[in-house]
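A.B. asks: Structure, please.
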Amino acid sequence: MKRKIVVALGGNALGKTLTEQLQAVEHTAKAIADLIEDGNEVVITHGNGPQVGKIDAAMNALLLEDPTEEKTSLSMCVAMSQAYIGYDIQNALRKELMLRGRYKPVVTIITQVEVSNDDPAMKHPTKPIGKFMTREQAQRLKEQYGYPIAEDAGRGWRRVVASPQPQYIIEIDAIRASLREGSVVVCCGGGGIPVRRKGAYLKGCAAVIDKDTCSALLAENLNADILMILTAVDKVKIHYGKPDERSLDSMSLADVQRYIADGEFAAGSMLPKVEACAQFVKGAPKRKAIIAALDQAAEAVKGNAGTVVFNEELGVRSEELMVDSVHTYF
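C.D. replies: Okay, the predicted model is just below:
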């Protein structure tokens, strides 16, 4: 059965350096190609934490070296990261498909995502990006360019930016058009380039959008059947790190709400993934979301890996998820 699947790639699918990224996407391309060979319509999103941090750090290093240089906005750094990550994914996936005797266009769409001026997060930047700095370096950037700076866990000082909620994907029509033409689309990299609307003009802002939250919005906009978040863990776990730690095969929306209320998921790692899955599946019947490890793609196809998130209020029972999972997941 042909399904429309939004695949959100975590950092482990991309590596942390240029060399690691080239190696990682070769492996990632095999998992994506498996989906395509099964006849599915695939849209790929990805994180950009290490990449955008390196770009921002390089630009800041230039400013520290030569104060006459013009600063590069964070929104421009996000755009740069989207382009070079997409470039590697495109090439790796094209190569993998051709090795399998298939041809399918793969395109990266540099994607802007609108955020609200009234989002409370815009007034309280808390997301650290870039390299650690000495107090003196941080103070210089703060005084000269107005960057908010904060100490990060006693390890040094870093620039912090806002992390607002995504409201609207500007290039959604271009993404839909590319899918209609039969392309595999890479988009919404790093959660998208955050922009605010000023009349007909879109202006970038110093913010980072959570890529899983944006992926859920994208999946909703495309009326996707599945949102799949690939990460470094094989399943979602509760009581993590405790003697009674337990891996979950599935979670209903009620389960998700209870576990979040109990503080089971860390804010900087699993919580946004679980929340994104819940956001997606609550909107329509038969939608499914799964959190799984990239290396266990083959097992996820058989329903033997990953954690499925489903909406019990819309008539989807956990046993049904496993029955048709062989046709649905990696």
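A.B. asks: For the residue lying closest to residue 79 once chain neighbours are set aside, list each beta-bridge partner.
C.D. replies: Of all residues not flanking residue 79 in the chain, residue 193 sits nearest, at 5.3 Å (Cβ to Cβ, 6 or more residues apart in numbering). Glycine gets a C-beta too; all of them are placed from N, C-alpha and C. Beta-bridge pairing of residue 193 under DSSP bridges involves residue 112.
A.B. asks: Show me where the stretch 51-200 of the chain dips below the pLDDT cut-off.
C.D. replies: Of all residues in the stretch 51-200 of the chain, none has pLDDT under 70.
A.B. asks: Please enumerate the helices of it.
C.D. replies: 74-99, 135-145, 172-180 (DSSP state H, counting those that start in this stretch).
A.B. asks: And the second one, what does it pack against?
C.D. replies: Translated: helix 135-145. helix 49-65, strand 149-151, strand 157-161 (3 or more Cβ pairs under 8 Å, 6 or more residues apart in numbering; DSSP states H and E).
A.B. asks: quick one: which of those is nearest residue 276?
C.D. replies: Within these, the stretch nearest residue 276 is helix 49-65; the backing value is 15.9 Å (Cβ to Cβ).
A.B. asks: what are the bridge partners for residue 290, then?
C.D. replies: What pairs with residue 290, by the bridge criterion (DSSP bridges), is residue 228, residue 308.
A.B. asks: quick one, what contacts it?
C.D. replies: Taking Cβ atoms under 8 Å, 6 or more residues apart in numbering, we find residue 290 in contact with 226-229, 277, 300, 306-309, 329.
A.B. asks: Check residue 267 too.
C.D. replies: For residue 267, counting by Cβ under 8 Å, 6+ apart, there are no contacting residues.
A.B. asks: Would you check how far apart it and residue 14 are?
C.D. replies: 22 Å (Cβ to Cβ, to the nearest Å).
A.B. asks: For the closest residue to residue 151 other than its chain neighbours, which residues count as its bridge partners?
C.D. replies: Once flanking residues are discounted, residue 151 sits nearest to residue 157: 5.5 Å by Cβ to Cβ, 6+ apart. Counting by DSSP bridges, residue 157 is bridged to residue 133, residue 151.
A.B. asks: For residue 150, see how far away residue 157 is.
C.D. replies: From residue 157 to residue 150 the distance is 7 Å (Cβ to Cβ).
A.B. asks: who's more crowded, the two?
C.D. replies: Counted by other Cβ atoms under 10 Å, residue 157 and residue 150 do not tie: residue 157 has more neighbours, with 21 against 13.
A.B. asks: chain center to stretch 99-112, what's the gap?
C.D. replies: 18 Å (Cα atoms, centre = their mean, to the nearest Å).
A.B. asks: what about that stretch, how long is it end to end?
C.D. replies: Terminal residues of stretch 99-112 are spaced 33 Å apart (Cα to Cα, to the nearest Å).
A.B. asks: Return the set of buried residues in it.
C.D. replies: By neighbour count with 16 or more other Cβ atoms under 10 Å, stretch 99-112 contains the buried residues 106-112.
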